[in-house]
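Student: Pasting the sequence and the predicted model now:
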Amino acid sequence: MLNKEQFKKKLNSINGRGYKAYKDIAGEYDFGEFILFIDYVQGDPFAAPSRIRLRVEQNKARFPERLFSNKVRRIALEDYITRNVALAIKKYVQGNRGTGKSGLIDIDSCGQQILEKTSIVINKQFVEARLSVGLPARGRQVLSNQAEIMFFEEIPKIVREALYADNINVAAAEKHVLLVEDQEFIRSRLSEKGLVAFIGEGSILPRRSGVSDLPLTGDKVVPFKTPPSLRVSFETPNNGLIYGMGIPEGVTLIVGGGYHGKSTLLRAIEKGIYNHIQGDGREWVITICDAVKIRAEDGRRVEKVNISPFINNLPYGQGTKCFSTENASGSTSQAANIIEALEMKAKLLLLDEDTSATNFMIRDVRMQNLVAKEKEPITPFIDKVRQLYEDYGVSTILVVGGSGDYFDVADTVIMMEEYVPKDVTKEAKEIALTFKNLRKKEGGQGFGSITSRIPLRKSFNPQKGKKIKIDAKGLHSIVFGRSVIDLSAVEQLVHLSQTNAIGYSIYYALKKNYINDNYSIFEIVKNVERDIDQKGLDVISPFYGKHPGNFARPRRFEIAAAINRLRTLEVVVKE
Ligand code: ADP
Ligand code: MG
């Protein structure tokens, strides 16, 4: 391994040459305080930036082992260090040092959630930061002196400030880690208490705007208040007693007038599958990890999904046990979204009337009398929601301000009134008795079977021309070869690096031959998850062992959602 003086020489020897000369600096360099790995060198100043890693051995970095002694703590600490590196970059990096991306130094960003990511790795041996850098040039001419400032001044400052435990606020790091541990603790205790979600007293649920994930501030914010009858508490290991509202398993309605905070509550529950940073307001909003937001998504493609629990007798005798379409309607798309979530063994469905197809949700007694059951392909969700719980143990939380018919099938009814929840289960049940509902149940004997589907390998092609092309284009879109996967209805994604990881998870499943004309979608994704658990998230990268690229861990539901939305997908149905 060359030392830093030798690296400096190498850098200076290419000064003024064409940009391609930078390819010579790929390699490993011992800077004393850290090791610099230059894993990938960009082709020109405008191209995707170069990728480097900065590694500090633990005998110098000295992070206390208790802060990464198990998986949950490790992920939380890696998140903390990532944020710290980002702050140090802001403080010390000038940024613009020539043409295009010249001078850039960057680490994958962190939002309100604490995600498993590839930006930092910490273990007993070392701590390592994975950065993007723009190697500086004027036009296409190497600017060695500018590069020297980046590598010999800016980067060492970042390393000292963020990767040496002696220089960080260990108490703050520990607080961060212990908060995440407690969130995980509550999540792991939900099912033994018969709960699917928990909203801590005083939580701040509303966000600053429709495009911001930051908490709403100001004197109009109403902190969450626990209805006494739904109060539950947890004795957390680090933050003492935390109490709030527990949402029991079964069927739960969120009702209330328009603009009273129903959707805001549901959205917080959707995001409760993630852990949140201190000050987010949703630190104590905790949902079981197998919760899936379901919505209508007209226009989506559906490939051989058994939507027969919800849809039958389509016009022209189109079957629904193995239903395909290039252009689903609101109701068929919502049915497919539910069945696909069930294929992946979802345990909680989250639905909002705002984003549901009305004819999928309800069919009242008058309509039953006008349109005969034989002429209506849709069995509405109201007739299936209990069977889903009774036959498969799948709970549902749904926002319905518009239909009291649902009182008949609910276990729990929560009313939002000026952003304050009330348990109105008793009142709703009394009303259901007083105003007898003459609507007929249309759900049949049971929910119906869930059919596994096996994707065919030939329907996946990550190549565009001769090159592999996999690219997240924004949070909700993946370029996969010649296809574009539209994830705009997949609402629980929170980070671009998750989207990126989904694309590469599919590619990884192809390379490992998990997509083999034999495994179901569930089995494929399970295999990928097992490998990530064993080898770390780096494993899905084609650059395993080097800077893997920016990845954040997606759930199996979102990986499957992408497979299901690939417009070239072909499957066979498992007998
Ligand atoms: P609904 O679904 O009942 O029609 P929303 O959840 O969309 O209502 O909320 C309506 C508005 O109220 C939104 O702008 C939201 O940000 C705001 N809001 C929601 N909850 C609160 C709260 N606890 N405090 C202050 N404003 C809130
Ligand atoms: Mg709403």
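Tutor: Yes, it's here. Ligands and ions are numbered 1, 2, ... in the order given.
Student: where does the residue of the stretch 251-400 of the chain found nearest ligand 2 fall, phi/psi-wise?
Tutor: Relative to ligand 2, the nearest point of the stretch 251-400 of the chain is residue 263 (3.2 Å; CB to the ion). (C-beta placed from N, C-alpha, C; glycine too.) Main-chain dihedrals, residue 263, degrees, to the nearest 10: phi -70, psi -30.
Student: now the one 3 residues further on
Tutor: As for residue 266, its main-chain torsions (degrees, to the nearest 10) stand at phi -60, psi -40.
Student: about what we covered before: for the residue of the stretch 251-400 of the chain closest to ligand 2, which residues are in contact?
Tutor: 352, 354, 399 (CB atoms under 8 Å, 6 or more residues apart in numbering).
Student: So the closest residue to residue 164 other than its chain neighbours versus ligand 1, what's the distance?
Tutor: Spatially, and ignoring its direct neighbours in sequence, residue 164 is nearest to residue 61 (5.9 Å; CB to CB, 6 or more residues apart in numbering). Here residue 61 is placed at a distance of 42 Å from ligand 1 (CB to the nearest ligand atom, to the nearest Å).
Student: what secondary structure does the residue nearest the centre of the chain sit in?
Tutor: The residue lying closest to the centre of the chain (CA atoms, centre = their mean) is residue 493, at 3.8 Å. Secondary structure, DSSP: H, G, I helix; E, B strand; the rest coil: residue 493 is coil.
Student: Contacts only, for it.
Tutor: Contacts of residue 493 by CB under 8 Å, 6+ apart are 475, 476, 487, 499, 554, 558.
Student: Next, count neighbours for the residue nearest to residue 164.
Tutor: Other residues lying near residue 61 total 22 when counted by other CB atoms under 10 Å.
Student: Surely it is in contact with residue 126?
Tutor: Yes. The pair residue 61 / residue 126 is scored as a contact, 6.9 Å apart, by CB atoms under 8 Å.
Student: thinking again about what came up before, next, give phi and psi for the residue nearest to residue 164.
Tutor: Per-residue torsions, residue 61: phi -70, psi -40 (degrees, to the nearest 10).
Student: Quick check: the gap between it and ligand 2.
Tutor: From residue 61 across to ligand 2, the span is 48 Å (CB to the ion, to the nearest Å).
Student: List the contacts of that residue.
Tutor: 126, 127, 163, 164, 165.
Student: so which of those also contact ligand 1?
Tutor: With CB under 6 Å from any ligand atom as the criterion, the contacts of residue 61 include none near ligand 1.
Student: Ligand 1 contacts on the stretch 101-250 of the chain?
Tutor: So the stretch 101-250 of the chain meets ligand 1 at 205, 206, 216, 220, 221, 222 (CB under 6 Å from any ligand atom).
Student: helix, strand or coil for the fourth one?
Tutor: When the structure is split into helix, strand and coil by three-state DSSP, residue 220 lands in coil.
Student: Can you give me the neighbour number for it?
Tutor: Residue 220 - counted by other CB under 10 Å - has 8 other residues nearby.
Student: again with the third one
Tutor: A count of nearby residues for residue 216, using other CB under 10 Å, gives 16.
Student: hang on, isn't it packed against residue 207?
Tutor: Yes. Using CB under 8 Å, residue 216 is in contact with residue 207, at 6.1 Å.
Student: before we move on, back to that, next, find the distance separating the residue nearest to the centre of the chain from residue 295.
Tutor: Per CB to CB, to the nearest Å, residue 493 is found 13 Å from residue 295.
Student: Next: residue 471.
Tutor: Residue 471 is 25 Å from residue 295, by CB to CB.
Student: Which of these two has more residues huddled nearby?
Tutor: residue 295 (18 against 15).
Student: any idea how far the residue nearest to the centre of the chain lies from residue 288?
Tutor: In this view, residue 493 and residue 288 are 18 Å apart by CB to CB.
Student: swap in residue 1?
Tutor: 47 Å.
Student: Compare neighbour counts for those two and give me the winner.
Tutor: residue 288 (21 against 11).
Student: thinking that one is in contact with residue 196, fair?
Tutor: Yes. Judged on CB under 8 Å, residue 288 makes contact with residue 196 at a distance of 5.3 Å.
Student: hey, what's in contact with both of the two?
Tutor: 190, 347, 348.
Student: now the last one, nearest residue through space, not along the chain?
Tutor: Nearest residue to residue 348 in three dimensions, chain neighbours excluded: residue 291, at 3.9 Å (CB to CB, 6+ apart).
Student: so how many other residues sit close to the one you found?
Tutor: Neighbour tally, residue 291, other CB under 10 Å: 24.
Student: What are the neighbouring residues in contact with it?
Tutor: Residue 291 sits in contact with 196, 197, 269, 270, 272, 273, 346, 347, 348, 349, 350, where contact means CB under 8 Å, 6+ apart.
Student: now stretch 199-206: mean pLDDT?
Tutor: Mean pLDDT, stretch 199-206: 98.
Student: Pull the residues that contact it.
Tutor: 215-216, 221, 223-226, 242-245, 247, 261, 264-265, 267-269, 272, 280-286, 419.
Student: Next: stretch 19-28.
Tutor: Counting by CB under 8 Å, 6+ apart, 1-2, 7, 10-11, 14, 35-45, 50, 135, 137, 140-142 sit against stretch 19-28.
Student: Please report the distance of the residue of the stretch 251-400 of the chain closest to ligand 2 from residue 398.
Tutor: From residue 263 to residue 398 the distance is 11 Å (CB to CB).
Student: which residues do the two both contact?
Tutor: residue 352.
Student: mean confidence for stretch 298-317?
Tutor: 94.
Student: for that stretch, which positions count as buried?
Tutor: Of all the residues in stretch 298-317, those buried under the rule 16 or more other CB atoms under 10 Å are 300-312.
Student: Tell me how far that stretch lies from the chain's centre.
Tutor: Computed by CA atoms, centre = their mean, to the nearest Å, the chain-centroid distance of stretch 298-317 equals 27 Å.
Student: and if you look at stretch 292-300?
Tutor: Relative to the chain's own centre, stretch 292-300 is displaced by 16 Å; criterion: CA atoms, centre = their mean.
Student: Span of that stretch from start to end?
Tutor: With CA to CA, to the nearest Å applied, stretch 292-300 spans 18 Å between its terminal residues.
Student: Now a ChimeraX select for only the buried ones of the contacts of stretch 199-206.
Tutor: Only the buried entries of the contacts of stretch 199-206 go into this ChimeraX selection, using 16+ other CB under 10 Å:
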select :215,216,224,225,226,242,244,245,247,261,264,265,267,268,269,272,280,281,282,283,284,285,286,419
